[in-house]
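Student: Sequence and computational prediction follow.
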Amino acid sequence: MPPPALSWSDTLPIHPEYQDSYYAREDGAAESAHVFLNGNALQARFATTREQFCIAELGFGTGLNFLLSWQLWQHAAQPGAHLHYVAVEAQPLDANQIRQALSAWPQLHEHAEQLIAQLPPALAGFHHLRISDHVDLLLLYGDVREVLTQARFRADAWFLDGFAPARNPAMWSADVFKQLAALSSPGASFATYSAAGQVRRALTEAGFAVVRAPGFGRKREMLKGHIENPPPRPAQPFWSADPPTSTSRPRIAVIGCGIVGASQARVLAERGYMVDVYGHSDGASQRIPALLVRPWPEKPGTQGISISQRFYQHAFESAQALYDRVCASAWQTYDDCGVLYPAAAIPALLEHAHIQVHANNVSAAQYTDSGWQLICNAHEQTYEQLVVCSAKVPSALAPWAQAPISFVAGQCVEIENTLDHPRWGAVHALPLNSGSLLGATFRPHSDALDQRDSESQTLIREAIACWPELKQQDNKVRGAFTGVRIASPDHLPLLGPCPNLPWWQQHYQALRHGLRHQTFAPPQYWPGLWLNLAHGSRGATAAALAAVHIAACLQGAPRPLQEDIISAVHPGRFAARRLRRGQDAWSTDASRAANTPAPSPRA
């Protein structure tokens, strides 16, 4: 997505295709404050928001509206409240263009530089940015009509700031406004500089109450309004719908203290949760000296970019941001990848005032009216919510957290040869402080952790075949490291609420008929039980984005994943596939699942 070739009137950018400026010539910041901040009564609403507030914008442009909203949030918001800002942009500007445009307002310089430093690559899709402790920005790059169908959020206020309707009619269409209505929370407001009759009629038809208001500068009028009862927006597919969310942030349990569990704990702690982490510190991600972090390496197929490629591309961006911010000394960035040193990264991720680590596995668990009761040695605690991030599901939780996963053991080997850059081919080679790490072998359907000299020699031979220059160097073995990957049948992780498989078995049998107009009850999940596992060998890449997605699900915040990716990683996808084929919902111990008492869902 190359940036548009703007023309300039001093610091005012003008789009070449639409021949329209990005904001008013008189004063863009004053226009933004009048139309969008005041038009949505944001100062008063920010002051009364205790948990979270979501602004959605059509037309991110230079980021001016976002910066002013962020600045106002800092001055007016309640302590601990969180601002979520979602912005759609079809033609993202680059850093230099944004910097030049915003130079007209020196008072925004500090905020602008923080935004510019985090700008994602101009790739179509969703890009999540943690701007500050209490502000998140979700950039949706692409055509507005397409990205809104893939978005999952509820806006409290809308900024309608695309180019003029006469020049950019697609953004102001009735179909777009119907999507806005379905993505609105009850009582959501909107404001726009436009007073065009077609805009007013389309908003009214979509269900918004619309009023005219005095415009800014030379514009006589603008439009603003609200929607009291937004239409429902069913999840696609229906079985990926979210369970009820809670705005409270009680103490939460994270099972697993590898790189995935540590990242999940950190993201939750930064969002205000008190987090208890359970697990031994001897998992694969702790034992292996270095982990490769990179986007999905395969080239696009004949059908274009796959869901896996899109997921891991954006996961790589999130991983870079988290590791740069929290554990920079344990993280090395290169042009096209990164290397994470988990022995140092995991303690840094877990070093937070809201995180307490219990260095043992959960020995017993049961569900009560109060929530999930976990026992770890002599420690006993009850939680409303828990997230399973461990390599293996603890046996205490196995009756509920059932998933079609397989174990794949493997081995890495450290050699004396030192590289200056990560390499990959049939194997990967990562630089260490002294020496290099070659990996990794695969032992399908095995969780054996024995070290095998034959596998070390195989890795060395394959590395030399990929990079012949290694043959002339010292490849003496310094040590070997083993671990077990947990993989799903389609090699994507399990991210989301844990399905109540006996309930699915009973209520979704008709999926096998494949009728187009079947209606089903909303999916039922084990209350408060979430899965973030089966990352295979790519946990270090996916950990940050997976953690943000789970946290967003818990809070009812904007999802960082597109709808098709949400369903592609949803833990219920395998049950839905099996039921369509006329099979049981589970592929593991059916009798155990059928005999598990179902906890009563709480309101």
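Tutor: Here it is on my side, so go on. Numbering: from 1, shown residues only.

Student: surely His226 meets Ser185?
Tutor: No: using CB atoms under 8 Å, His226 makes no contact with Ser185, being 10.4 Å away. Placement of C-beta: from N, CA and C, glycine included.

Student: Neighbour count: these two, which is higher?
Tutor: His226 (19 against 16; other CB atoms under 10 Å).

Student: That one: what's it in contact with?
Tutor: Gly187, Ala188, Ser189, Phe190, Phe208, Ala209 (CB atoms under 8 Å, 6 or more residues apart in numbering).

Student: From these, which land in strands?
Tutor: Residues of the contacts of His226 located in strands (DSSP state E): Gly187, Ala188, Ser189, Phe190, Ala209.

Student: Switch those residues over to CSV; also include pLDDT.
Tutor: Supplementary listing: these in CSV, determined by pLDDT from 0 to 100:
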residue, pLDDT
Gly187, 97
Ala188, 98
Ser189, 98
Phe190, 98
Ala209, 97
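
Student: Most neighbours out of the residues you listed, which is it?
Tutor: The member of the ones in strands among the contacts of His226 that has the most neighbours, counting by other CB under 10 Å, is Phe190 with 27 neighbours.

Student: show me what contacts that residue?
Tutor: 40, 157-160, 180, 203, 208, 223-227 are the contacts of Phe190 under CB under 8 Å, 6+ apart.

Student: Check the ones in strands among the contacts of His226 against Ile98 and report the nearest one.
Tutor: Each of these was scored against Ile98 by CB to CB, and Phe190 proved nearest at 24.8 Å.

Student: May I have the beta-bridge partners of the closest one?
Tutor: Judged by DSSP bridges, the bridge partners of Phe190 are Trp158, Gly225.

Student: Let me see the confidence value for the residue nearest to Pro230 when sequence neighbours are not counted.
Tutor: Once flanking residues are discounted, Pro230 sits nearest to Ser184: 4.3 Å by CB to CB, 6 or more residues apart in numbering. Note on Ser184: pLDDT of 98.

Student: How many residues are close by Ser184?
Tutor: 29.

Student: Go ahead and confirm it touches Asn229.
Tutor: No: using CB under 8 Å, Ser184 makes no contact with Asn229, being 9.6 Å away.

Student: Helices along the stretch 351-500 of the chain, start to end?
Tutor: 453-466 (DSSP state H, counting those that start in this stretch).

Student: now the strands: where do they sit in it?
Tutor: For the stretch 351-500 of the chain, the strands defined by DSSP state E, counting those that start in this stretch occupy 355-358, 364-368, 371-376, 379-383, 385-388, 406-415, 423-424, 428-431, 436-439, 443-444, 477-487, 494-499.

Student: Output these as CSV; include the columns mean pLDDT and distance to Ala585.
Tutor: Compiled in CSV, the strands of the stretch 351-500 of the chain are given as follows (pLDDT from 0 to 100; distance: least, CB to CB, whole Å):
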stretch, mean pLDDT, distance to Ala585
strand 355-358, 94, 33
strand 364-368, 88, 19
strand 371-376, 90, 22
strand 379-383, 88, 26
strand 385-388, 95, 19
strand 406-415, 92, 18
strand 423-424, 89, 38
strand 428-431, 92, 37
strand 436-439, 91, 36
strand 443-444, 90, 25
strand 477-487, 89, 20
strand 494-499, 97, 8
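
Student: Low-confidence regions, this structure specifically.
Tutor: 247, 281-286, 297-303, 472-474, 516, 587-603 (pLDDT under 70).

Student: could I have the helix ranked longest in it exported to CSV, CA atoms only?
Tutor: The longest helix of the chain (DSSP state H) is helix 307-326. What follows is helix 307-326, C-alpha atoms only, in CSV (Å, rounded to 0.1, in the frame of the first residue of the first chain):
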residue,chain,number,x,y,z
ILE,A,307,-5.1,-16.5,6.9
SER,A,308,-2.0,-18.0,8.5
GLN,A,309,0.2,-15.5,6.7
ARG,A,310,-1.9,-12.6,7.7
PHE,A,311,-2.1,-13.7,11.3
TYR,A,312,1.7,-14.2,11.7
GLN,A,313,2.5,-11.0,9.8
HIS,A,314,0.6,-8.9,12.3
ALA,A,315,1.7,-11.2,15.2
PHE,A,316,5.3,-10.3,14.3
GLU,A,317,4.5,-6.6,14.6
SER,A,318,3.0,-7.1,18.0
ALA,A,319,5.9,-9.3,19.1
GLN,A,320,8.4,-6.6,18.1
ALA,A,321,6.5,-3.9,20.0
LEU,A,322,6.1,-6.0,23.2
TYR,A,323,9.7,-7.2,23.3
ASP,A,324,11.2,-3.8,22.4
ARG,A,325,9.2,-2.2,25.3
VAL,A,326,9.5,-4.8,28.0
